[in-house]
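Student: what's the 3D shape of this:
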Amino acid sequence: MDIQVRWRPFQLNDGLPKGKGLHKMEMYHEKFGAARMAAMIPQMKEVGQTVGINFSYDGFIGNTFDSHRFIWKAREIGGSALQDKMVEALFEAYFEKEQSLGQPDVLEACADKVGMPKEVTQALLQDETLGKAQVEKEKHDFRTKWNCSGVPLFVIDNKYQLSGAQPVEEFDAIFQQLLLDKE
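Tutor: Below you'll find the predicted structure:
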């Protein structure tokens, strides 16, 4: 079975300011509530450590739209492989290094880390319209088609949908069904 991952744009808060933005925990408390965050953080840290992710909840969060343009462009020039590397670099910057994805220097560092050509990176940084229409369309279409109201949302073979963090067994059951469907 050939499996490729395609990352789709989704913004938890598209009204955040560009640049450094707001303190991450203040935004999370406002969006999800302090009690929910108090329960989520220890669980997220514990689960993350089992797969080598050291979640940190300090730092800031700015508007992430430009990061989605970088993710889109990575797929355009390097397919799923480069797109996945870009997403991993952005996740590390945000979730582990407490960097705001609303800051151009953070986006540039992530692009450099994954080997995106410098001229492509500079074009994205200098021209905010580059990829804007494509990302907006994809964001709208995916949200509408799959009724996507949160992340993660996994769509498998354009047929099966899993929402939220799921155990491996859920994915395995879908992959087994896909194999049966192909017989």
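
Student: what's the offset of the helix or strand containing Gly79 from the middle of its chain?
Tutor: According to DSSP states H and E, Gly79 maps onto helix 65-91. Helix 65-91 sits 9 Å away from the centroid of its parent chain (Cα atoms, centre = their mean, to the nearest Å).

Student: moving C-terminal of the helix or strand of the chain with the lowest mean pLDDT, what's the next helix or strand?
Tutor: Least confident element among the helices and strands of the chain, by mean pLDDT, DSSP states H and E: helix 24-32 (a mean of 89). Following helix 24-32 in sequence order, the next helix or strand is helix 34-50 (DSSP H and E).

Student: Show me which residues of that following helix are buried.
Tutor: Met44 (16 or more other Cβ atoms under 10 Å). Every C-beta, even on glycine, is put in place using the N, C-alpha and C of the backbone.

Student: Please apply the same query to stretch 143-156.
Tutor: Of all the residues in stretch 143-156, those buried under the rule 16+ other Cβ under 10 Å are 143, 148, 153-155.

Student: what's in contact with it?
Tutor: With Cβ atoms under 8 Å, 6 or more residues apart in numbering as the contact definition, stretch 143-156 has outside contacts at 8, 10, 12, 142, 161-166, 171, 174-175, 178.

Student: Tell me the one among those residues nearest to Leu90.
Tutor: Phe10 (13.2 Å; Cβ to Cβ).

Student: The closest one in helix, strand or coil?
Tutor: coil (DSSP: H, G, I helix; E, B strand; the rest coil).

Student: wait, isn't it in contact with Lys139?
Tutor: Yes. Between Phe10 and Lys139 there is a contact at 6.8 Å, judged by Cβ atoms under 8 Å.
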